[in-house]
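S.K.: could you look at this predicted model? Sequence included:
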Amino acid sequence: MDGVALRVSSHRKVNTSVNKSDLVQLVANEAGLTHKEATEAIDSLTEAIKKSLKNGDRVSLVGFGSWEVKKRAQRNGVNPQTGDKIKIPARKVPKFNPGKELREIAN
């Protein structure tokens, strides 16, 4: 895990990803929590975001970003296996918009 923490905080680009277990460990270390407490905190956060989106609410964490549900209109598409034209039905999708600080970190 220490290798992941070092790679995540490093300025050089490395092809790596942080999964939930890695994130739990990072949060536990950063906040001085036990593994169980950090897991409960992350689970509570993700559940709160999901419930809010399900209720049609927008979730915003200043500096980090915001989540909201957007409507996608019906559109035409092509089945890549057959080449047949198909209609893709309208649906709602969650959308994340990064905040200014997060965008700056990514660049």
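M.R.: Arrived safely.

S.K.: could you list the domains of this protein?
M.R.: Dividing the chain into domains by automatic domain parsing, as the record does, gives the ranges 1-57, 67-107.

S.K.: and those, which is most packed in?
M.R.: Comparing the domains of the chain by mean neighbour count (mean count of other C-beta atoms under 10 Å), domain 1-57 ranks first with a mean of 12. All C-beta atoms are positioned from the backbone trio N, CA, C, and that covers glycine.

S.K.: how distant is it from the center of its chain?
M.R.: Here the centre of mass of C-alpha atoms in domain 1-57, compared against the chain's by C-alpha atoms, centre = their mean, to the nearest Å, lies 10 Å away.

S.K.: what is the mean pLDDT for that domain?
M.R.: Domain 1-57 carries an average pLDDT of 84.

S.K.: who's in contact with the residue minimising distance to the centre of the chain?
M.R.: Within the chain, the residue whose C-alpha comes closest to the C-alpha centroid is residue 96; the distance, by C-alpha atoms, centre = their mean, is 7.2 Å. With contacts defined as C-beta atoms under 8 Å, 6 or more residues apart in numbering, the neighbours of residue 96 are 65-67.

S.K.: narrow these to those in strands?
M.R.: When DSSP state E defines the strands, the subset of these inside them is 65-67.

S.K.: among the residues you listed, which one sits closest to residue 28?
M.R.: Top of the list for closeness to residue 28, among the ones in strands among the contacts of residue 96 and by C-beta to C-beta, is residue 65 at 22.8 Å.

S.K.: check the gap between that closest one and residue 43 for me.
M.R.: 20 Å (C-beta to C-beta, to the nearest Å).
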